[in-house]
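Chemist: How does the following fold in three dimensions:
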Amino acid sequence: MHPPPPSSPFAGRGNFWRWSGVGRAVLASLVLLPATLLLKWRLDLRGAVKSELALCRAANEAVTLTELAAQQAVVPDAENAAIALLEIWGEEDPEFWEAWRADQRPLPERRGVRHEPALPVLGDQAGIVGRGEPFTPAQRAAAEAWWKSNEVRMSRVSAALQRPRMRFPLNFEEGGEMLIVHLTALRNETARLRLRALMAAEHGDAAAALAAIESSAAAARLLEAEPMLLSQLLLVAKRSFTRASIEEFLNRLQPSPDQLHRLSRAITWDSAGERHRLALRGERVFCRWTYSRKARDVAALALRTLAEFPEAEQPSAARMTAELRLMRLSGLTDADELLLLQTLRRAVAAAEPTHANRAKFLTAFDEAALKAQDFPPRVLSAVQLPSLGRCWDKFARSQAETEMMRLALALERHRLDHGTLPSALEAMVPAYLPAVAEDPFSGKPLRYRRLDHGYLLYSVGPDGVDDGGRRPNPKAREARTWDLAFTVERPDLAEPGAPPWRRGGGDTPPVGE
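Modeler: Presented below is the predicted three-dimensional model:
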């Protein structure tokens with residue numbers, strides 16, 4: 001019988017190595033599982049972002065700056081109002097506009113334009129010329145002196161605005177750093193045209209007033225193709241200036257059928273909803289541009305935006321830069337971009353200014369604001385979305401004002417045909433109107449009331465409260481609700497038994513006051 005072999009130093013270690021292999025596998029899985037899940041999460045997010053972008057491209061909507069630039073139509077110089085306007089502006093301030101054309105940074109300081117303090121609309125001490133009120137002697141003198149020195153210039157501006165299209169030399173590839181100083185110049189031209197229309201109406205010169213209104217309306221129409229939010233907001237402001245000019249025209253002059261036809265044609269422009277959609281689609285491209293920028297540059301841009309909201313937390317530049325770098329490494333940037341794209345898709349669908357859409361639009365941004373604060377935070381969406389969420393009311397107001405202009409012109413045609421104003425707007429359907437337009441802030445038809453010497457049209461406005469057509473009063477100490485109103489009062493519109501006509505009687509108070 002043989003003695004047992006001596007035990008090997010490795011005897012009995014098979015199980016150890018077998019189990020240690022399992023241990024290594026378990027350990028590896030514990031390490032790899034989170035990495036795998038993170039990778040899957042990132043791939044899913046990237047796929048969701050690509051799906052959102054595919055939806056945009058399927059609708060022929062740009063999603064990059066290159067695509068946006070490619071969608072801008074080429075405009076021949078002879079048809080381009082921008083060329084003629086830049087020539088006028090360049091003569092007045094050559095250093096600034098030559099630097100802008102050459103894309104020099106920083107731009108030189110612009111030459112200021114000084115106006116007589118009492119000059120209506122433009123002067124810093126002119127105050128407000130009330131509806132239908134005559135100019136004061138100081139306002140009249142300032143206006144006449146201004147027109148004497150600007151008549152030739154304004155004729156050139158009006159001629160430029162008669163060109164069929166307008167495209168300024170904008171470098172879309174610069175994204176949020178693009179210089180858009182032409183917008184300020186365009187706004188100034190609209191203010192001058194409003195002054196000219198007001199002056200002419202005050203002097204009883206219907207032809208000159210009408211020509212200025214047509215130029216003002218053309219300035220708004222020519223901006224319709226510019227796909228930036230600021231451009232479309234300026235368009236809204238231009239339409240509001242045109243509304244003010246038409247209201248003043250109708251308060252000072254009795255329009256003829258031909259003049260009413262020309263005014264109706266002047267405000268034949270795209271709906272405010274279409275302008276709102278274009279602005280949101282363009283802003284989507286410019287917002288996405290921030291995701292391609294260096295974290296330091298994006299932080300600086302975000303901090304400038306946050307500075308507009310004093311109630312919001314104001315992080316340091318170093319902290320925000322570090323957070324943005326971490327976001328990109330971890331894939332949180334994709335989650336941020338996805339929230340932005342999904343919210344703007346909902347916003348575009350609810351951009352048309354109808355009462356039903358207002359709740360949908362505001363809900364989309366309210367929900368995005370909450371989600372942006374959840375973990376993980378969506379820093380860029382939290383910065384970029386709030387300003388877009390406040391735009392619906394501006395475009396809805398523009399639509400309401402446009403519809404009130406159309407209603408006023410229909411009322412004037414009815415008066416010419418029948419010698420009196422209708423008792424209700426519905427009486428003008430379908431002879432003068434296809435339908436009575438909806439108030440985007442209430443979902444009901446726009447309001448109408450006969451006055452002793454005219455009529456009142458109004459929307460309840462963003463607060464949703466019917467104040468009987470009361471306008472905001474900047475002199476009122478207490479905060480009060482108010483409406484968006486269009487009021488016309490003239491002696492030829494007097495009701496039987498009305499009290500004596502008094503020019504510039506001011507806005508009619510709501511019923512019950």
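Chemist: mind checking which helix or strand of this structure has the lowest mean pLDDT?
Modeler: When the helices and strands of the chain are scored by mean pLDDT, DSSP states H and E, helix 295-306 comes last with a mean of 69.
Chemist: Can you show me the helices along the stretch 51-200 of the chain?
Modeler: Assigned by DSSP state H, counting those that start in this stretch, the helices in the stretch 51-200 of the chain fall at 65-70, 81-92, 94-101, 137-161, 182-202.
Chemist: Those: which one's closest to residue 320?
Modeler: Smallest distance to residue 320 across these (C-beta to C-beta): 23.5 Å, for helix 65-70. All C-beta spots, glycine's among them, are computed from the backbone N, C-alpha and C.
Chemist: Keeping just the C-alphas, turn the closest one into PDB.
Modeler: Coordinates of the C-alpha atoms in helix 65-70 are reproduced here as PDB (Å, rounded to 0.1, in the frame of the first residue of the first chain):
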ATOM      1  CA  LEU A  65     -27.900  78.000 -39.200                       C
ATOM      2  CA  THR A  66     -26.700  76.800 -42.600                       C
ATOM      3  CA  GLU A  67     -30.200  75.500 -43.400                       C
ATOM      4  CA  LEU A  68     -31.800  78.700 -42.200                       C
ATOM      5  CA  ALA A  69     -29.500  80.800 -44.300                       C
ATOM      6  CA  ALA A  70     -30.200  78.600 -47.400                       C
END
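Chemist: Now do the buried residues in it.
Modeler: Across helix 65-70, burial judged by 16 or more other C-beta atoms under 10 Å covers 65, 68.
Chemist: Could you do stretch 273-287 as well?
Modeler: By neighbour count on 16+ other C-beta under 10 Å, the buried set for stretch 273-287 is 273, 275-287.
Chemist: out of the helices of the stretch 51-200 of the chain, which comes closest to residue 339?
Modeler: Closest to residue 339 of the helices of the stretch 51-200 of the chain is helix 65-70 (C-beta to C-beta; 20.8 Å).
Chemist: which residues make contact with that closest one from outside it?
Modeler: Contacts with helix 65-70, where a contact means C-beta atoms under 8 Å, 6 or more residues apart in numbering, come from 62, 172-173, 175, 227, 282, 285-286, 289.
Chemist: Please work out the average pLDDT along it.
Modeler: Here helix 65-70 scores 96 as its mean pLDDT.
Chemist: now swap in stretch 497-513 and tell me
Modeler: 62.
Chemist: before we move on, what about stretch 208-221?
Modeler: In this model, stretch 208-221 carries a mean pLDDT of 96.
Chemist: Next, format the helices of the stretch 51-200 of the chain as a markdown table and append distance to residue 483.
Modeler: Shown next, in a markdown table, are those (distance: least, C-beta to C-beta, whole Å):
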| stretch | distance to residue 483 |
| --- | --- |
| helix 65-70 | 38 |
| helix 81-92 | 35 |
| helix 94-101 | 41 |
| helix 137-161 | 28 |
| helix 182-202 | 22 |
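Chemist: Kindly compare burial across those helices and name the winner.
Modeler: Burial of the helices of the stretch 51-200 of the chain is given as mean neighbour count (mean count of other C-beta atoms under 10 Å); helix 182-202 ranks first at a mean of 22.
Chemist: Taking helix 137-161 as reference, get the angle to it.
Modeler: Angle, helix 182-202 to helix 137-161, by axes from the mean of the first three to the mean of the last three C-alpha atoms, to 10 degrees: 120 degrees.
Chemist: which parts of the very next helix or strand once past helix 182-202 are buried?
Modeler: As assigned by DSSP states H and E, the chain's next helix or strand after helix 182-202 is helix 206-222. In terms of neighbour count (16+ other C-beta under 10 Å), helix 206-222 has its buried residues at 206, 208-222.
Chemist: Which one of those is nearest to residue 151?
Modeler: For these, the nearest to residue 151 is residue 208 (10.3 Å; C-beta to C-beta).
Chemist: what's the closest non-adjacent residue to the closest one?
Modeler: Closest residue to residue 208 apart from its sequence neighbours, by C-beta to C-beta, 6 or more residues apart in numbering: residue 200 at 3.7 Å.
Chemist: Go ahead and confirm that neighbour touches residue 212.
Modeler: Yes - here residue 200 lies in contact with residue 212, judged by C-beta atoms under 8 Å, at a distance of 6.3 Å.
Chemist: returning to what we had before: among the contacts of helix 65-70, which lie within strands?
Modeler: Among those, no residue falls in strands (DSSP state E).
Chemist: JSON lines for those, including pLDDT and distance to residue 425?
Modeler: Shown next, in JSON lines, are these (pLDDT from 0 to 100; distance: C-beta to C-beta, whole Å):
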{"residue": "62", "pLDDT": "96", "distance to residue 425": "41"}
{"residue": "172", "pLDDT": "94", "distance to residue 425": "44"}
{"residue": "173", "pLDDT": "91", "distance to residue 425": "49"}
{"residue": "175", "pLDDT": "91", "distance to residue 425": "46"}
{"residue": "227", "pLDDT": "96", "distance to residue 425": "35"}
{"residue": "282", "pLDDT": "96", "distance to residue 425": "36"}
{"residue": "285", "pLDDT": "96", "distance to residue 425": "41"}
{"residue": "286", "pLDDT": "94", "distance to residue 425": "41"}
{"residue": "289", "pLDDT": "90", "distance to residue 425": "46"}
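Chemist: between those, which is closest to residue 258?
Modeler: Lowest distance from residue 258 to those (C-beta to C-beta) belongs to residue 227, with 36.0 Å.
Chemist: contacting residues around residue 111?
Modeler: Residue 111 makes contact with 92-93, 96, according to C-beta under 8 Å, 6+ apart.
Chemist: go on, residue 340?
Modeler: 284, 287-288, 378, 380-381, 384-385.
Chemist: Okay, buried residues for the helix or strand hosting it please.
Modeler: Assigned by DSSP H and E, residue 340 belongs to helix 332-349. Using 16+ other C-beta under 10 Å as the test for burial, helix 332-349 gives 332-348.
Chemist: could you turn it into PDB, dropping everything but the C-alphas?
Modeler: C-alpha atoms of helix 332-349 as PDB (Å, rounded to 0.1, in the frame of the first residue of the first chain):
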ATOM      1  CA  LEU A 332     -27.200  66.100 -20.000                       C
ATOM      2  CA  THR A 333     -26.900  68.500 -22.900                       C
ATOM      3  CA  ASP A 334     -28.900  66.100 -25.000                       C
ATOM      4  CA  ALA A 335     -31.600  66.000 -22.400                       C
ATOM      5  CA  ASP A 336     -31.600  69.800 -22.300                       C
ATOM      6  CA  GLU A 337     -31.900  70.100 -26.100                       C
ATOM      7  CA  LEU A 338     -34.700  67.500 -26.200                       C
ATOM      8  CA  LEU A 339     -36.700  69.500 -23.700                       C
ATOM      9  CA  LEU A 340     -36.200  72.600 -25.800                       C
ATOM     10  CA  LEU A 341     -37.200  70.900 -29.100                       C
ATOM     11  CA  GLN A 342     -40.300  69.200 -27.600                       C
ATOM     12  CA  THR A 343     -41.500  72.400 -26.000                       C
ATOM     13  CA  LEU A 344     -41.000  74.500 -29.200                       C
ATOM     14  CA  ARG A 345     -42.900  71.800 -31.200                       C
ATOM     15  CA  ARG A 346     -45.900  72.200 -28.900                       C
ATOM     16  CA  ALA A 347     -45.500  76.000 -29.000                       C
ATOM     17  CA  VAL A 348     -45.500  76.100 -32.800                       C
ATOM     18  CA  ALA A 349     -48.600  74.000 -32.900                       C
END
